[in-house]
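Colleague: sequence and predicted structure below; questions after.
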Number of protein chains: 2
Amino acid sequence: MDNTKFEFKRAAIIGPGLIGSSLARAFRETGIVERLVGSDCNADVIKRAAELGVVDEVAKGFASAVEGADLVVLSTPVGEIGAMCDALTAYASPGALVIDVGSVKGAIVAAANKLRDDIFFVPCHPVAGTEQSGPEAGFASLFKDRWCIITPLAREDAPYKAAVEKAVALWESVGANVETMDAAHHDLALAVTSHLPHLIAFTLVGAADDLESVTQAEVVKYSAGGFRDFTRLAASDPVMWRDVFLYNKDAVLEVLGRFSEELAVLQRAIRWGDGAALYDAFSRVRSLRQAIVEAGQETATPNFGRDQEEKT
Amino acid sequence: MDNTKFEFKRAAIIGPGLIGSSLARAFRETGIVERLVGSDCNADVIKRAAELGVVDEVAKGFASAVEGADLVVLSTPVGEIGAMCDALTAYASPGALVIDVGSVKGAIVAAANKLRDDIFFVPCHPVAGTEQSGPEAGFASLFKDRWCIITPLAREDAPYKAAVEKAVALWESVGANVETMDAAHHDLALAVTSHLPHLIAFTLVGAADDLESVTQAEVVKYSAGGFRDFTRLAASDPVMWRDVFLYNKDAVLEVLGRFSEELAVLQRAIRWGDGAALYDAFSRVRSLRQAIVEAGQETATPNFGRDQEEKT
């Protein structure tokens, strides 16, 4: 992509939270967007985004943000996308490229299929983030070396195909690797690598919070034994995650069934004192982390590098 | 503790892996041990520990390591401690302080209660570690600001009480905070904060490894969605963890029951599309991480600080 000229005149950032504000910041670095206009249903959030310089201009609302925009970024919880598609039909400019960043794609594709033909919605999911939320949490390098999955609509027209190419180039310009797949496969793959891990983290932290026999002070003190790892995912935005589970119900329940099956096997091995079965199960999974490190998706430093003390 | 003179003339490090070699390295820094003698059932491990300078001397075996030692550190998997207590009765010097570092304490206390009265076994559990194993993985600051739990035997004699005080001072000298409790409560508290989290991590990674519909390459690529966090705990030493589950069966099964109950509630909320229940459950657990950060047991940096890129 040639970054010496603006690729987009006016981008509407709808929901400049962690992901939306990171993308806006990345657009500033690459220079592909001339003017960034923001909107958020929470007046405080959009005010803070403007104060941080994430957007150049605060729109009066969704309609005025998207009017005249040649790029619309929907970076809201998944549950809001349906209503936004209705509003896009009414207010978006002909030829606009619309992308979202939602963690579920089947429901988004269904909503996007109802849009006018001269609006080009390319469903996207950058697999990147932190446990923090809000415009303050964003940073331009968030997408660097992460994967962004695109699940294009079933449109064969040349303008739509060009819009998909433009979306690919956009994500590559902010440092992401792009993969294209169908929405159903995305929703199953991400149920495995993201949705189930979050559900399990919420569950484990919730179960510990609920005990009478072990105090919360003890949980905090001895959390370095492993528990603290789970609190990172469990600190993620509850609205975003509520919507993921509401809109990707079937795939999540399917992979949860596989998890429960595996857990039952290990539970029985513990009850029976079957050391060989436990050893086999634990040995088998050990190597997967190394593959993730080698793929550039994880640090090789022990404890995620969280301990800054010098090794001796 | 006065560090200008040696507190111990000869320390036997039995099993100089991650924890044992870290303690040996910390002893060198504090200078409380004059001579470090090592032993391991794996000849390669003890050879590497000697090459790294973790120990001054390689003993011919367990018996010759502990003979003449005024400090014995048992840093082996929990399952080996019983047999070692039998051997200690035969070979340990009168007056020796014996500590272990095992993640389970009830079984250790039971074994230690059979020792000769002139051997002073103080069961210890430093709640510290990384996902790595072996003498190369150790470092002197591993215990700094972490908690070490001591579960003393039910002995009222003055020499034993003095030995407990010596063990407390030893852990404090390497930077740990010391807490004393009974073994049964330790085993329940650590089932919550360490054993169950590891079991769940092994389970989740195992379940993902086992799918036909999502490839391992996809799991690796999209692991930044949350899955990669679990691979850290799942990369831990399988022998150590096999023994934890064999020797802390009852407490693990009890807290696993609580986990499964919580999971069933969330699973039903997903199936029913009960967004309010999901939101409440996710919101409730969000604050626990902050408490852990404030207690100095976790980094406040997003993503554990694993992403080294500059924020903009």
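Modeller: Arrived safely. Numbers count the residues shown, from 1 in each chain, chains lettered A, B, ... in the order given.
Colleague: let me see the contact set for A:Gly206.
Modeller: For A:Gly206, the contact set (CB atoms under 8 Å, 6 or more residues apart in numbering or on different chains) comprises A:234, B:262, B:266, B:281, B:284-285. Bear in mind the C-beta positions are built from the backbone N, C-alpha and C, glycine included.
Colleague: can you do 7 Å?
Modeller: A:Gly206 sits next to B:262, B:281, B:284-285 when contact means CB atoms under 7 Å, 6 or more residues apart in numbering or on different chains.
Colleague: kindly report the same for A:Ala300.
Modeller: A:Val293.
Colleague: name the SS class of it, please.
Modeller: Per DSSP: H, G, I helix; E, B strand; the rest coil, the local secondary structure of A:Ala300 is coil.
Colleague: can you check A:Arg116 too?
Modeller: Per three-state DSSP, A:Arg116 ends up coil.
Colleague: per-residue pLDDT, it?
Modeller: Per-residue confidence (pLDDT) for A:Arg116: 95.
Colleague: neighbours of it, just the number please.
Modeller: Residue neighbour count, defined by other CB atoms under 10 Å in any protein chain shown, stands at 13 for A:Arg116.
Colleague: list the contacts for it?
Modeller: So A:Arg116 contacts A:Thr89 (CB under 7 Å, 6+ apart).
Colleague: any figure for the gap between it and chain B?
Modeller: A:Arg116 sits at a distance of 30 Å from chain B (criterion: CB to the nearest CB, to the nearest Å).
Colleague: one more: A:Asp307?
Modeller: 8 Å.
Colleague: quick check: that residue is in a strand.
Modeller: No: secondary structure of A:Asp307 (three-state DSSP): coil, not part of a strand.
Colleague: strands of chain A, residue ranges please.
Modeller: A:8-14, A:33-39, A:57-58, A:71-74, A:97-100, A:120-122, A:124-126, A:147-150, A:177-180 (DSSP state E).
Colleague: check contacts around the closest residue to chain B within the stretch 201-312 of chain A.
Modeller: In the stretch 201-312 of chain A, the residue that lies nearest chain B is A:Gly225 (2.8 Å; CB to the nearest CB). By CB under 7 Å, 6+ apart, the contact list for A:Gly225 reads B:127, B:190, B:193-194.
Colleague: kindly recompute the last result at 10 Å.
Modeller: B:103, B:125-129, B:146-147, B:189-198, B:233, B:297 (CB atoms under 10 Å, 6 or more residues apart in numbering or on different chains).
Colleague: coming back round to it: so for A:Leu256, which of the strands of chain A sits nearest?
Modeller: strand A:124-126 (20.2 Å; CB to CB).
Colleague: partner strands of the closest one, with direction?
Modeller: strand A:147-150 (antiparallel) (DSSP bridges).
Colleague: any stretches of the stretch 51-200 of chain A with poor pLDDT?
Modeller: Applying pLDDT under 70 to the stretch 51-200 of chain A flags no residue at all.
Colleague: nearest to chain B: which residue in it?
Modeller: Closest point on the stretch 51-200 of chain A to chain B, by CB to the nearest CB, is A:Ser194, at 2.8 Å.
Colleague: so how far is A:Val255 from that residue?
Modeller: Computed with CB to CB, to the nearest Å, the distance linking A:Ser194 and A:Val255 is 10 Å.
Colleague: and for those two, which residues touch both?
Modeller: A:Asn248.
Colleague: residue boundaries of the helices in chain A?
Modeller: A:18-30, A:43-51, A:62-66, A:81-91, A:106-112, A:158-173, A:183-190, A:196-208, A:216-221, A:227-234, A:238-247, A:249-272, A:275-284, A:288-294 (DSSP state H).
Colleague: closest to B:Arg10 out of those?
Modeller: Across these, B:Arg10 has its closest neighbour in helix A:216-221 (33.2 Å, CB to CB).
Colleague: which parts of that closest one are buried?
Modeller: Across helix A:216-221, burial judged by 16 or more other CB atoms under 10 Å in any protein chain shown covers A:218-221.
Colleague: run a quick neighbour tally on the nearest residue to A:Asp145 once chain neighbours are set aside.
Modeller: In space, and not counting its chain neighbours, A:Asp145 is closest to A:Gly296: 5.5 Å by CB to CB, 6 or more residues apart in numbering or on different chains. Per other CB under 10 Å, the neighbour tally for A:Gly296 reads 13.
Colleague: so how far is A:Ala111 from A:Gly296?
Modeller: From A:Gly296 across to A:Ala111, the span is 33 Å (CB to CB).
Colleague: domains for chain A, by residue range?
Modeller: Split into domains by automatic domain parsing, chain A comes to A:8-181, A:185-305.
Colleague: correct me if wrong: A:Ala63 contacts A:Asp86.
Modeller: No: using CB atoms under 10 Å, A:Ala63 makes no contact with A:Asp86, being 11.4 Å away.
Colleague: list the contacts for A:Ala251?
Modeller: A:104, A:106, A:184-192, A:195-196, B:213-214.
Colleague: list the contacts for A:Val33?
Modeller: Going by CB under 10 Å, 6+ apart, the list of residues near A:Val33 reads A:6-11, A:13, A:23-24, A:26-27, A:56, A:70-71, A:73, A:170.
Colleague: hmm, which of the residues you listed are the buried ones?
Modeller: Among the contacts of A:Val33, those scoring as buried are A:7-8, A:10-11, A:13, A:23-24, A:26-27, A:56, A:70-71, A:73, A:170 (criterion: 16+ other CB under 10 Å).
Colleague: A:Asp237 and A:Thr76 touch, don't they?
Modeller: No: between A:Asp237 and A:Thr76 there is no contact under CB under 10 Å: 11.1 Å.
Colleague: shared neighbours of these two, anything?
Modeller: What both A:Asp237 and A:Thr76 touch, as defined by CB under 10 Å, 6+ apart, is the set A:17, A:243.
Colleague: among the two, which residue is more densely surrounded?
Modeller: Shown here are A:Asp237 and A:Thr76; by other CB under 10 Å, A:Thr76 has more neighbours (26 against 20).
Colleague: and for A:Cys148, the neighbour number?
Modeller: Residue crowding around A:Cys148 was assessed by other CB under 10 Å; the count is 24.
Colleague: who does it bridge with?
Modeller: According to DSSP bridges, beta-bridge pairing links A:Cys148 with A:Pro126, A:Val178.
Colleague: residues contacting it?
Modeller: A:Cys148 neighbours (CB under 10 Å, 6+ apart): A:99, A:101, A:124-128, A:167-168, A:170-172, A:174-180.
Colleague: so how do I select the buried members of those residues in ChimeraX?
Modeller: To isolate the buried ones among those in ChimeraX, judged by 16+ other CB under 10 Å, type:
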select /A:99,101,124,125,126,127,128,167,168,170,171,174,175,176,177,178,179
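Colleague: my guess is A:Ala112 contacts A:Cys85. True?
Modeller: Yes: A:Ala112 is within contact range of A:Cys85, at 6.0 Å (criterion: CB under 10 Å).
Colleague: okay, and the common contacts of those two?
Modeller: A:74, A:98, A:100, A:119, A:121.
Colleague: residue contacts, A:Val178?
Modeller: A:124, A:126, A:147-150, A:167-172.
Colleague: for A:Asp250, state which of the residues you listed is nearest.
Modeller: Set against A:Asp250, the nearest of those by CB to CB is A:Ile149 (18.3 Å).
Colleague: roughly how far apart are the closest one and A:Gly138?
Modeller: For A:Ile149 relative to A:Gly138 (CB to CB), the value is 20 Å.
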